[in-house]
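In: Return a 3D structure for these sequence lines:
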Amino acid sequence: MVGIVGYGVYIPRYRIKTEEIAGVWGEDGPAMASGLGVFEKSVPGPDEDVATISTEAARNAIVNEIYSTMKTQKADVDIRHITLLADAMTADGEVVSIGRHGLSGRKQSVLARAAFEETVKHLVNAAINGEEDKLNGIVENILIGQPVPLGTGLVKLRMKQGFNE
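Out: Down below sits the predicted model:
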(Lines give C-alpha, C1' and ligand atoms only; values in the text may rest on other atoms or scores of the structure.)
Protein backbone atom coordinates (compact mmCIF):
# COMPACT_ATOMS: atom_id res chain seq x y z
CA MET A 1 0.00 0.00 0.00
CA VAL A 2 1.35 3.42 -0.95
CA GLY A 3 0.47 6.83 0.39
CA ILE A 4 -1.21 7.94 3.58
CA VAL A 5 -2.82 4.98 5.29
CA GLY A 6 -4.48 6.93 8.08
CA TYR A 7 -4.18 9.87 10.35
CA GLY A 8 -4.85 10.66 13.97
CA VAL A 9 -3.97 12.82 16.89
CA TYR A 10 -1.81 11.93 19.85
CA ILE A 11 -2.25 14.01 22.95
CA PRO A 12 0.26 13.25 25.70
CA ARG A 13 -1.50 12.91 29.03
CA TYR A 14 1.44 13.47 31.38
CA ARG A 15 2.67 16.90 32.42
CA ILE A 16 6.04 17.90 33.79
CA LYS A 17 6.65 21.20 35.57
CA THR A 18 9.16 23.63 34.11
CA GLU A 19 10.91 23.71 37.50
CA GLU A 20 11.67 19.97 37.21
CA ILE A 21 13.13 20.40 33.72
CA ALA A 22 15.19 23.38 34.90
CA GLY A 23 16.48 21.31 37.85
CA VAL A 24 17.89 18.69 35.47
CA TRP A 25 19.85 21.38 33.65
CA GLY A 26 20.96 23.10 36.87
CA GLU A 27 18.93 26.23 36.18
CA ASP A 28 16.59 28.32 38.34
CA GLY A 29 13.12 26.81 37.82
CA PRO A 30 10.83 29.79 38.60
CA ALA A 31 13.03 32.17 36.59
CA MET A 32 13.00 29.82 33.61
CA ALA A 33 9.23 29.34 33.81
CA SER A 34 8.50 33.07 34.00
CA GLY A 35 11.07 33.87 31.30
CA LEU A 36 9.63 31.33 28.86
CA GLY A 37 6.02 31.84 29.86
CA VAL A 38 5.70 28.04 29.99
CA PHE A 39 4.87 26.50 33.34
CA GLU A 40 4.47 22.86 32.33
CA LYS A 41 5.14 20.66 29.33
CA SER A 42 3.29 17.65 28.03
CA VAL A 43 5.33 14.45 27.75
CA PRO A 44 4.46 10.93 26.49
CA GLY A 45 5.27 9.30 29.85
CA PRO A 46 6.26 10.29 33.38
CA ASP A 47 9.93 9.55 32.68
CA GLU A 48 10.03 10.58 29.03
CA ASP A 49 11.16 14.16 29.24
CA VAL A 50 13.68 15.74 26.89
CA ALA A 51 16.64 15.14 29.21
CA THR A 52 15.91 11.43 29.55
CA ILE A 53 15.17 10.85 25.88
CA SER A 54 18.23 12.80 24.70
CA THR A 55 20.51 10.88 27.08
CA GLU A 56 19.08 7.57 25.86
CA ALA A 57 19.51 8.67 22.24
CA ALA A 58 23.15 9.59 22.91
CA ARG A 59 23.71 6.24 24.66
CA ASN A 60 22.23 4.33 21.73
CA ALA A 61 24.34 6.32 19.26
CA ILE A 62 27.49 5.49 21.25
CA VAL A 63 26.60 1.79 21.31
CA ASN A 64 25.92 1.75 17.56
CA GLU A 65 29.11 3.63 16.69
CA ILE A 66 31.39 1.50 18.86
CA TYR A 67 29.74 -1.73 17.70
CA SER A 68 30.01 -0.82 14.00
CA THR A 69 33.65 0.29 14.45
CA MET A 70 34.55 -2.95 16.21
CA LYS A 71 32.72 -4.99 13.60
CA THR A 72 34.54 -3.15 10.79
CA GLN A 73 37.86 -3.92 12.47
CA LYS A 74 36.77 -7.57 12.89
CA ALA A 75 37.11 -7.25 16.67
CA ASP A 76 34.71 -9.60 18.42
CA VAL A 77 33.50 -7.60 21.42
CA ASP A 78 30.45 -8.68 23.40
CA ILE A 79 27.66 -6.10 23.13
CA ARG A 80 27.32 -6.14 26.93
CA HIS A 81 30.80 -4.63 27.25
CA ILE A 82 29.90 -1.91 24.78
CA THR A 83 26.62 -1.09 26.53
CA LEU A 84 28.42 -0.96 29.89
CA LEU A 85 30.86 1.56 28.43
CA ALA A 86 28.01 3.62 26.94
CA ASP A 87 26.17 3.54 30.27
CA ALA A 88 29.25 4.84 32.08
CA MET A 89 29.69 7.60 29.49
CA THR A 90 26.08 8.83 29.88
CA ALA A 91 25.39 8.02 33.56
CA ASP A 92 25.34 11.68 34.67
CA GLY A 93 22.86 12.75 31.98
CA GLU A 94 25.54 14.13 29.69
CA VAL A 95 28.04 12.49 27.37
CA VAL A 96 31.56 12.38 28.81
CA SER A 97 34.67 11.14 27.09
CA ILE A 98 36.76 8.30 28.40
CA GLY A 99 40.03 10.25 28.39
CA ARG A 100 41.71 12.42 30.99
CA HIS A 101 38.99 15.08 30.85
CA GLY A 102 36.16 12.54 31.14
CA LEU A 103 35.70 9.29 33.00
CA SER A 104 39.37 8.66 33.76
CA GLY A 105 39.90 12.18 35.07
CA ARG A 106 36.88 11.94 37.39
CA LYS A 107 37.99 8.89 39.36
CA GLN A 108 38.00 9.20 43.14
CA SER A 109 41.39 7.55 43.50
CA VAL A 110 44.47 9.73 43.12
CA LEU A 111 46.58 6.80 41.93
CA ALA A 112 43.95 5.70 39.39
CA ARG A 113 43.86 9.22 37.91
CA ALA A 114 47.66 9.41 37.90
CA ALA A 115 47.99 6.00 36.23
CA PHE A 116 46.06 7.14 33.17
CA GLU A 117 47.75 10.36 32.04
CA GLU A 118 49.36 13.48 33.47
CA THR A 119 50.87 11.60 36.41
CA VAL A 120 52.83 14.50 37.90
CA LYS A 121 49.90 16.91 37.67
CA HIS A 122 47.55 14.54 39.51
CA LEU A 123 50.07 13.71 42.22
CA VAL A 124 51.03 17.36 42.81
CA ASN A 125 47.38 18.48 42.95
CA ALA A 126 46.57 15.65 45.36
CA ALA A 127 49.48 16.66 47.61
CA ILE A 128 48.47 20.33 47.55
CA ASN A 129 44.83 19.51 48.36
CA GLY A 130 45.70 16.89 50.97
CA GLU A 131 43.85 14.09 49.17
CA GLU A 132 44.06 10.61 50.63
CA ASP A 133 43.72 7.45 48.57
CA LYS A 134 41.75 4.70 50.34
CA LEU A 135 43.07 2.04 47.90
CA ASN A 136 39.59 0.62 47.25
CA GLY A 137 39.94 0.08 43.51
CA ILE A 138 41.70 -2.36 41.25
CA VAL A 139 44.17 0.01 39.58
CA GLU A 140 45.62 1.52 42.73
CA ASN A 141 46.08 -1.88 44.41
CA ILE A 142 47.89 -3.28 41.37
CA LEU A 143 50.13 -0.19 41.30
CA ILE A 144 51.32 -0.71 44.86
CA GLY A 145 51.53 -4.50 44.53
CA GLN A 146 48.90 -5.65 46.98
CA PRO A 147 45.96 -8.04 46.42
CA VAL A 148 42.97 -6.47 44.68
CA PRO A 149 39.92 -6.22 46.97
CA LEU A 150 37.82 -8.36 44.66
CA GLY A 151 37.10 -12.08 44.51
CA THR A 152 39.73 -14.04 46.46
CA GLY A 153 41.52 -10.79 47.31
CA LEU A 154 38.44 -9.70 49.28
CA VAL A 155 38.60 -12.59 51.75
CA LYS A 156 40.61 -12.00 54.92
CA LEU A 157 41.66 -15.23 56.65
CA ARG A 158 44.11 -15.76 59.45
CA MET A 159 45.64 -19.02 60.54
CA LYS A 160 45.52 -19.79 64.22
CA GLN A 161 49.09 -20.19 65.49
CA GLY A 162 50.01 -23.23 67.58
CA PHE A 163 47.04 -25.31 66.54
CA ASN A 164 47.30 -28.89 67.81
CA GLU A 165 45.17 -31.77 66.67
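In: just checking, what packs against the least confident helix or strand in the chain by mean pLDDT?
Out: Least confident element among the helices and strands of the chain, by mean pLDDT, DSSP states H and E: strand 40-43 (a mean of 79). Secondary-structure packing of strand 40-43 (3 or more C-beta pairs under 8 Å, 6 or more residues apart in numbering; DSSP states H and E): strand 14-17, helix 18-24. Quick note: C-beta positions are derived from backbone N, CA and C, even for glycine.
In: Could you provide these in TSV, with additional columns for mean neighbour count?
Out: Shown next, in TSV, are these (neighbours: other C-beta atoms under 10 Å):
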stretch	mean neighbour count
strand 14-17	14
helix 18-24	17
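In: quick one on the thing from earlier: and the helix or strand following the least confident helix or strand of the chain, what's buried?
Out: Proceeding N to C from strand 40-43, the next assigned helix or strand is helix 50-72, under DSSP states H and E. Using 16 or more other C-beta atoms under 10 Å as the test for burial, helix 50-72 gives 51, 55, 58-59, 62-63, 66.
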